[in-house]
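Q: sequence and predicted structure, then a few things I'm wondering about:
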Amino acid sequence: MPISRVIAYVVLGLSVATLLAVLAWGVAAIWPERAYDARTPEAMLDSAAAMVRDKRADRLPELLEIDPDVPRADRDRVEDLYARLGRVFGAAQALADTFAAELPGEVERLAAEAEGGGTNSILSAVASGRGGPFGGGPGDDAGSRQLAALLADPYALIDDGRDRLSVEPLDSESAALLWDERPVLPPFGLVLRKGDDNRWRFASPSRLPGLSSAWPRTEPEYRVWASLLTTVEQLLVDLEADLAAGRVSSAEQLGRRAIERGIVPLGLVFVALERSRREDGP
């Protein structure tokens, strides 16, 4: 092939690539990502439900406060954790969609059980702080099925349960989250706070009694928590791949795989966190 023709093809390829890049930029500029309202506590809860309906669960961390008192270096680390958490939320939503596409009968069965007090009672128990929802180990079909129910509809508490969520103002800049008119996760509850930008968000875990002790305090602990979120994301991605490849045939099998595959890596992460805290001292 003459060198002139080669050069012509290269120029043509670069021109097409440039045109596509310009078109992509133009589409993004004309149709930017949806802005979600959070100017009131109720609007923030509506936006959380809208993110789920829009298949943008990965944006839910936008509704989490970053403690304004944290140092700048820690703020960067918190932003990294929230970004990782967003990927976890997105992976959970993708898994739920694949579950429904590949095993619709199983998802329908889980939904029927929920109407009889299954999944809804689990969500109610979690919200009201009445204890853990799961049964024993990998061989416990009841526990595996309950876990599968949450994987099938991980955001029911936000979306389907939106009409059961409400807020009770505490002052002009904070409000308590309620489930069926009762505090969520008693005795401490979940608090919504108004930021300097006049947007409401869930209070940072680092500011909540009962949760602050689990929040990372040092750079090694932030690394461990980052590893934890990456591990959870990969677990969800692997489970979705199993569903898509037809390697899972029932809800119980999916729940068992989640427990079996998650218990060791997650356990190792928590061991690393405990070791890090012992080394750092009080």
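A: Okay, I see it.
Q: ranges for the strands of this structure?
A: For the chain, applying DSSP state E gives strands covering 165-171, 174-179, 182-183, 191-194, 200-202.
Q: what's the mean pLDDT across the third one?
A: Strand 182-183 shows a mean pLDDT of 90 in the predicted model.
Q: which residues sit against it?
A: Applying C-beta atoms under 8 Å, 6 or more residues apart in numbering, the contact partners of strand 182-183 are 128, 176-177, 189-190. Yep, even glycine has a C-beta here, placed from its N, CA and C like the rest.
Q: same check on the last one?
A: Counting by C-beta under 8 Å, 6+ apart, strand 200-202 makes contact with 38-41, 43-44, 62-65, 175, 177, 190-195, all of which sit outside it.
Q: please redo it, this time with the cut-off set to 7 Å
A: Applying C-beta atoms under 7 Å, 6 or more residues apart in numbering, the set of residues contacting strand 200-202 from outside is 38, 40-41, 44, 63-65, 190, 192-195.
Q: highest neighbour count among the residues you listed?
A: residue 192 (25 neighbours; other C-beta atoms under 10 Å).
Q: pLDDT score assigned to that residue?
A: Reported pLDDT for residue 192: 96.
Q: do the one 5 residues further on as well
A: As predicted, residue 197 sits at a pLDDT of 95.
Q: residues contacting it?
A: Residue 197 touches nothing, counting by C-beta under 7 Å, 6+ apart.
Q: phi and psi next, for it.
A: Phi and psi for residue 197, reported as degrees, to the nearest 10, are phi -90, psi 10.
Q: swap in residue 187?
A: According to degrees, to the nearest 10, residue 187 has phi -90, psi -10.
Q: before we move on, what about residue 56?
A: According to degrees, to the nearest 10, residue 56 has phi -120, psi 50.
Q: and it, how far is that from residue 98?
A: From residue 56 across to residue 98, the span is 17 Å (C-beta to C-beta, to the nearest Å).
Q: go on, residue 201?
A: Using C-beta to C-beta, we find residue 201 at a distance of 30 Å from residue 98.
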